[in-house]
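[1] Have a look at this prediction, sequence included:
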Amino acid sequence: MIERGKIASIEGDKTVVELERTTLCGSCRACESSDKGKMMVTVATVAGVSEGDAVDLVTPGSRLGAALMVFGLPIAAVVLGAVLGNYLTKTYWPNTYYRNLASILLALAFVLLTYVGTYLHERKRGVRKEQPYIRRAE
């Protein structure tokens, strides 16, 4: 994803880029937000830039992949847990109340496992290589 921004400040090896908050941002809090509806992103300093320069900020990675990891996996886990819980308890508990309770608990357990798995996956990756960077300054 490429966003157009302006360099707000340069502090040693860090550059703060000011971006307009768009509708795609929604309620995401990945960037620091100011009270003027602007976002502040800290990136590595690039040679030849100064405060006030217009820059293209590139954020590698796919929004689709991130959306699937945050929303798709947990939804699939809920459905799988509920169906599996209902199927496994059908022969043991003819009472619907217990079958529903088991389905709900298994669905919640599967969601918890997806979040733990996502956390461990991100932790294993360590420092993300997909940090935003300045591609071009004008």
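    Perfect, I can see it now.

[2] Now the phi/psi pair for the residue lying farthest from the centre of the chain, please.
    Each residue of the chain has a distance to the centre, and by CA atoms, centre = their mean the biggest one is for residue 94: 41.4 Å. The phi and psi torsions at residue 94 (degrees, to the nearest 10) take the values phi -70, psi -20.

[3] Check what pLDDT it gets.
    Residue 94 is assigned a pLDDT of 77 by the prediction.

[4] Show me how the record splits this structure into domains.
    Structural domains assigned to the chain are 2-59, 63-125, following automatic domain parsing.

[5] what's the closest of these to residue 133?
    Taking CB to CB as the criterion, residue 133 comes closest to domain 2-59 out of these, the separation being 5.7 Å. Just so you know, the C-beta spots here come from the backbone N, C-alpha and C atoms, and that holds for glycine as well.

[6] Give me the average confidence score over that closest one.
    Mean pLDDT, taken over the full extent of domain 2-59, equals 75.

[7] chain center to it, what's the gap?
    Put simply, domain 2-59 sits 18 Å off its chain's centre (CA atoms, centre = their mean, to the nearest Å).

[8] Repeat that for stretch 55-72.
    7 Å.

[9] what comes up buried for that stretch?
    Neighbour-count burial for stretch 55-72 flags 55, 57, 58, 59 (criterion: 16 or more other CB atoms under 10 Å).

[10] before we move on, what about stretch 87-96?
    If you call a residue buried by 16+ other CB under 10 Å, then stretch 87-96 has these buried ones: residue 89.

[11] could you point out the longest strand in the chain?
    If each strand of the chain is counted by residues according to DSSP state E, the longest one is strand 2-11.

[12] by contact count, what packs against that one?
    strand 14-20, strand 54-58 (3 or more CB pairs under 8 Å, 6 or more residues apart in numbering; DSSP states H and E).
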